[in-house]
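S.K.: Pasting the sequence and the predicted coordinates here, then a few questions.
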Amino acid sequence: MNILEERIRKEGIVKSKDVLIVDKFLNQQMDPVLFHQMAEEWKTRFKGVQVDKILTVEASGIGLAIVAAEVFQVPCVFAKKTVSINLVGDVYTAEAESFTHGGVNTLMVSKRLLNQGEHVLLIDDFLANGRACEALLKIVQDAGAVPAGIGIGIEKGFQTGGKALRESGYKVESLAIVKDMDKDNIQFEDNPWLTQKFGKNMEEKKKTETAVKYTIRNASGEDADLLTELRFAQLQAEGNVLLYDTRAEMRTYFRKHLSDGTYRAWIAEINGEAVSAAAVLYQEYPPSIDWNGAHRGYVTSVYTRPQYRHQGIASALLKEIIRDAEEKKLGNLWLMASPQAKHLYESCGFSVDFPGNDTYMEWFGNLEK
């Protein structure tokens, strides 16, 4: 069954052999229930794909992209077509020919909003000649980010956009692909949806997905090899250049400091497989004129394998670190947050403490600021 195809057949209007009007549910009047179903289907089709951010273009793609971002639990960014006072600082730009309106638009995204190494999923309502997607892909690549794929509501399969993008190696998931159409009939390519439970069952499905069975345990010196593997994977995923193979040094460090208690780590496992880890490095600081000194903890190496993200595992590990800090009557915890992980840390009680530096975040326990 393809829910979107059914809505197109029922409410879509073929204006010409190239123009399909779906303003009753997709891009003028919008159906949020349908949008959530579409987002759930993209989540299924992009299962196992790392997605740190969603990017679309104003204006008709914004509604779909926001709902998709909620389902993927990542931020949503949209490219502007006009210069405004809301654009701060330098911008990435790309030219895109508009099939619907004709002419050429300059798409703009503030450089503050896309970061090197982020995996960005493109979302849009229509795919025709593919020019908008090509422009967004250029912006992603100019930012040093990684295209995670392209999610499309309706693709006009009789036009060249989808074919060209797929031949270029991009994963394109269109939820309805129109093969041919006229005023009397709309034909679709075979494209059944993978997600079957919607509507009243959607919340139950979501709970089932997030209620993954995992166990958390304290790491010991015997886990040095495992922690090294996860740390190395994290550094590579963050885009760090491999100048030195320091895995042997990492193993030595973990064995030493897990044993003496200055480094504490927790590991989450599913069916015996280590899928996530987080750690804290305890440090003693001298008194200052505005506080009397205390132990602090530097939170580090928070990493979850991509296929197990957005299931609450990293949050559970952070809560273990906070619980341990509270038991030790620790002054505070601090960390350097990547843009895509900032919302995770905020949900666990961390906050930005220095104006102008939104990567340095702190949690305060038994220490008064």
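M.R.: Here it is on my side, so go on.
S.K.: for the stretch 1-150 of the chain, what spans make up the helices?
M.R.: For the stretch 1-150 of the chain, the helices defined by DSSP state H, counting those that start in this stretch occupy 3-11, 32-45, 62-72, 131-142.
S.K.: Which stretch among the ones you listed approaches residue 263 most closely?
M.R.: helix 62-72 (32.6 Å; C-beta to C-beta). C-beta here means a position set from N, CA and C on the backbone, and glycine is covered the same way.
S.K.: Just the CA coordinates for the closest one, please, in PDB.
M.R.: Coordinates of each C-alpha in helix 62-72 appear next as PDB, following Å, rounded to 0.1, in the frame of the first residue of the first chain:
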ATOM      1  CA  ILE A  62       9.500  23.500   5.000                       C
ATOM      2  CA  GLY A  63       6.400  21.800   6.400                       C
ATOM      3  CA  LEU A  64       7.600  18.400   5.400                       C
ATOM      4  CA  ALA A  65      11.100  19.000   6.500                       C
ATOM      5  CA  ILE A  66      10.100  20.100  10.000                       C
ATOM      6  CA  VAL A  67       8.000  17.000  10.600                       C
ATOM      7  CA  ALA A  68      10.800  14.800   9.200                       C
ATOM      8  CA  ALA A  69      13.200  16.500  11.600                       C
ATOM      9  CA  GLU A  70      11.000  15.800  14.500                       C
ATOM     10  CA  VAL A  71      10.800  12.100  13.500                       C
ATOM     11  CA  PHE A  72      14.600  11.900  13.000                       C
END
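S.K.: From the rest of the structure, what touches that helix?
M.R.: 26-27, 30, 32, 35-36, 38-40, 42-43, 51, 54-56, 75-76, 78, 121, 123-125, 151, 153, 310 (C-beta atoms under 8 Å, 6 or more residues apart in numbering).
S.K.: and with 7 Å instead?
M.R.: With contacts defined as C-beta atoms under 7 Å, 6 or more residues apart in numbering, helix 62-72 is touched by 30, 32, 35-36, 38-40, 42-43, 51, 54, 56, 75-76, 78, 123, 125, 151, 153, 310.
S.K.: Also stretch 31-49?
M.R.: Contacts of stretch 31-49 (C-beta under 7 Å, 6+ apart): 3-4, 7, 25, 63-64, 67-68, 71-72, 121, 148-149, 151, 153, 173, 175, 193-195, 198, 202, 306-307.
S.K.: Now restrict those residues to buried residues only.
M.R.: Among those, those buried by neighbour count (16 or more other C-beta atoms under 10 Å) are 3-4, 7, 25, 63-64, 67-68, 71-72, 121, 148-149, 151, 153, 173, 175, 193, 195, 198, 202, 306.
S.K.: So the residue lying closest to residue 336 once chain neighbours are set aside, which state does it fall into?
M.R.: What sits nearest to residue 336 in space, not counting adjacent residues and going by C-beta to C-beta, 6 or more residues apart in numbering, is residue 359, at 5.2 Å. Reduced to three states with DSSP: H, G, I helix; E, B strand; the rest coil, the structure at residue 359 is strand.
S.K.: repeat for the one 4 residues further on
M.R.: Here residue 363 is strand, with the state taken from three-state DSSP.
S.K.: so what's it up against?
M.R.: Contacts for residue 363 were tallied using C-beta under 7 Å, 6+ apart; they are 322, 332-333, 349-350.
S.K.: Not counting its neighbours along the chain, what's nearest residue 306?
M.R.: Once flanking residues are discounted, residue 306 sits nearest to residue 50: 4.0 Å by C-beta to C-beta, 6+ apart.
S.K.: domains for this structure, by residue range?
M.R.: Domain segmentation of the chain under automatic domain parsing yields 3-208, 215-364.
S.K.: Mean pLDDT for those domains - can I get that in TSV?
M.R.: Putting the domains of the chain into TSV (pLDDT from 0 to 100) gives the following:
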stretch	mean pLDDT
domain 3-208	87
domain 215-364	88
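S.K.: Residue 329 - that's part of a strand, no?
M.R.: No: per three-state DSSP, residue 329 lies outside any strand segment and is coil.
S.K.: Tell me how far residue 148 lies from residue 235.
M.R.: Counting by C-beta to C-beta, to the nearest Å, the gap from residue 148 to residue 235 is 20 Å.
S.K.: swap that for residue 193, please
M.R.: The gap separating residue 193 from residue 235 is 38 Å, by C-beta to C-beta.
S.K.: Work out the gap between stretch 72-86 and the centre of the chain.
M.R.: In terms of C-alpha atoms, centre = their mean, to the nearest Å, the centre of stretch 72-86 is found 15 Å from the chain centre.
S.K.: Which parts of it count as buried, going by neighbours?
M.R.: In terms of neighbour count (16+ other C-beta under 10 Å), stretch 72-86 has its buried residues at 72, 74-80.
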